[in-house]
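# all I have is the shape, not the residue letters:
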């Protein structure tokens, strides 16, 4: 991958991580997860922040694909309101997403060619597609600071939460974002794997992401 493409891919994950290490933005995201759509003035009142500050935070959330922005459709006279909603997933067709996906698949393929499994029973097209899905997901999670430990046989990934002290206050919101993002990242590559859930592990600050392979 060219250096420019790699830089574009890097911006996606570092941007989201930096966006989410902000208590005000997490409070806004939490509100939108509870009820969408909402206007900026209503959100400002709910989180007790100036509406200009709220709009700046919302712009950041929109830029990183965590919130969507639409214009109200009005049937009466008056200026339409701008409405914000919690995103249902990241845009897999964006330049950043395509750059990251292509890079992860290429690196994963190169690694398996350099270090083939000791027992090679012949990979099917479905196996290759599943590997590509895991490559893209592992790369994304690593860039986001989750320190993923992948068990490809069990289709499990052990994660370490990168959000520190914010985890205790915004656990539900962060986990909702994690699940939404993970599902959309896996869907960037057509393959047989689906995410079934993310559950807390015995160790504090860690969880296990589980997947299933469709027949």
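Everything's here; your move. Because the structure is predicted, anything quoted here is derived from the model rather than measured.

# could you use CA atoms for every contact and neighbour count after this?
Fine.

# so what pLDDT did the spatially most central residue of the chain get?
Centroid-nearest residue in the chain, with Cα atoms, centre = their mean: residue 181, separated by 2.6 Å. pLDDT, residue 181: 84.

# next: residue 100.
69.

# ok, the one 3 residues further on next?
The per-residue pLDDT reported for residue 103 equals 72.

# work out for me the element the residue nearest to the centre of the chain sits within.
Using DSSP states H and E, the element containing residue 181 is helix 171-186.

# so which bits of that helix are buried?
Buried residues in helix 171-186, defined by neighbour count with 16 or more other Cα atoms under 10 Å: 173-175, 177-186.

# again with stretch 201-208
Neighbour-count burial for stretch 201-208 flags 205, 206, 207, 208 (criterion: 16+ other Cα under 10 Å).

# give the bridge partners for the second one, please.
Which is residue 206. residue 160 (DSSP bridges).

# residue contacts, it?
Residues in contact with residue 206 (Cα atoms under 8 Å, 6 or more residues apart in numbering) are 158, 159, 160, 161, 200.

# need the contact list for the second one.
The reference is to residue 159. Contacts of residue 159 by Cα under 8 Å, 6+ apart are 146, 147, 148, 149, 206, 207, 208, 209.

# any idea how far residue 77 is from it?
Counting by Cα to Cα, to the nearest Å, the separation of residue 159 from residue 77 is 51 Å.

# over to the first one?
The span separating residue 158 from residue 77 equals 54 Å under the rule Cα to Cα.

# more neighbours: which of these two?
For residue 158 versus residue 77, neighbours defined as other Cα atoms under 10 Å are more numerous around residue 158 (19 against 6).

# can you tell me the SS state at the residue nearest to the more buried one when sequence neighbours are not counted?
Spatially, and ignoring its direct neighbours in sequence, residue 158 is nearest to residue 208 (4.5 Å; Cα to Cα, 6 or more residues apart in numbering). Following DSSP: H, G, I helix; E, B strand; the rest coil, residue 208 is assigned to strand.

# could you pull out the helices for this structure?
3-20, 23-34, 40-47, 51-63, 95-114, 125-143, 166-169, 171-186 (DSSP state H).

# out of the ones you listed, flag the one nearest residue 89.
helix 171-186 (5.1 Å; Cα to Cα).

# to residue 193, which of the helices of the chain lies closest?
Going by Cα to Cα, the one of the helices of the chain nearest residue 193 is helix 125-143, 6.1 Å.

# from residue 58, how far off is residue 85?
From residue 85 to residue 58 the distance is 10 Å (Cα to Cα).
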